[in-house]
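Enquirer: Provide a 3D model corresponding to the input given below.
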Amino acid sequence: MSRFLPLTIRFVSGGTMVVTTVAEAKKALAGHWKNKEAPAYLEAARLVDDAIAGTCRPAVAFAAFKKVAVQQGLLKPAKPSAALTMLDTLWSRYKAPPR
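Expert: You can find the predicted model right below:
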């Protein structure tokens with residue numbers, strides 16, 4: 001099991017990739033992004049490399065990767081989990097008695 005929740009990246013070229021690890025984030029950063037010269041992109045790439053080298057916490061690098069994916073509009077919205085959908089259904093059926 002991965003340490004991070006899966007992120008689906010939709011590249012500018014139209015392809016997609018699910019990212020759940022820092023190593024996968026490094027592969028994703030090599031894909032087609034809108035602006036590879038953006039400061040947030042360069043910082044994420046540096047932090048991912050540092051995390052792989054062991055000089056940065058993976059959570060920090062993964063957060064930077066997610067941030068730049070959001071900024072560049074490449075993060076595909078996640079669907080709610082099956083459990084959350086079931087909980088929402090149950091909650092919508094629940095009616096509190098009037099006071």
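Enquirer: OK, contacts around residue 64?
Expert: By C-beta atoms under 8 Å, 6 or more residues apart in numbering, the contact list for residue 64 reads 40, 43-44, 47-48. Every residue, glycine included, has its C-beta placed from N, CA and C.
Enquirer: Tabulate those in a markdown table, adding columns for pLDDT, distance to residue 89 and secondary structure.
Expert: Output for the contacts of residue 64, formatted as a markdown table (pLDDT from 0 to 100; distance: C-beta to C-beta, whole Å; DSSP: H, G, I helix; E, B strand; the rest coil):
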| residue | pLDDT | distance to residue 89 | secondary structure |
| --- | --- | --- | --- |
| 40 | 97 | 38 | helix |
| 43 | 98 | 41 | helix |
| 44 | 98 | 37 | helix |
| 47 | 98 | 40 | helix |
| 48 | 98 | 38 | helix |
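Enquirer: Which strands or helices does the helix or strand bottoming out on mean pLDDT in the chain pack on?
Expert: Using mean pLDDT, DSSP states H and E, the weakest-scoring helix or strand in the chain turns out to be helix 82-93, at a mean of 77. Judged by 3 or more C-beta pairs under 8 Å, 6 or more residues apart in numbering; DSSP states H and E, helix 82-93 is in contact with no other helix or strand.
Enquirer: sorry, back to before: arrange the contacts of residue 64 in TSV, one row each, with neighbour count and distance to residue 57 as further columns.
Expert: Shown next, in TSV, are the contacts of residue 64 (neighbours: other C-beta atoms under 10 Å; distance: C-beta to C-beta, whole Å):
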residue	neighbour count	distance to residue 57
40	16	18
43	15	14
44	26	14
47	23	9
48	25	12
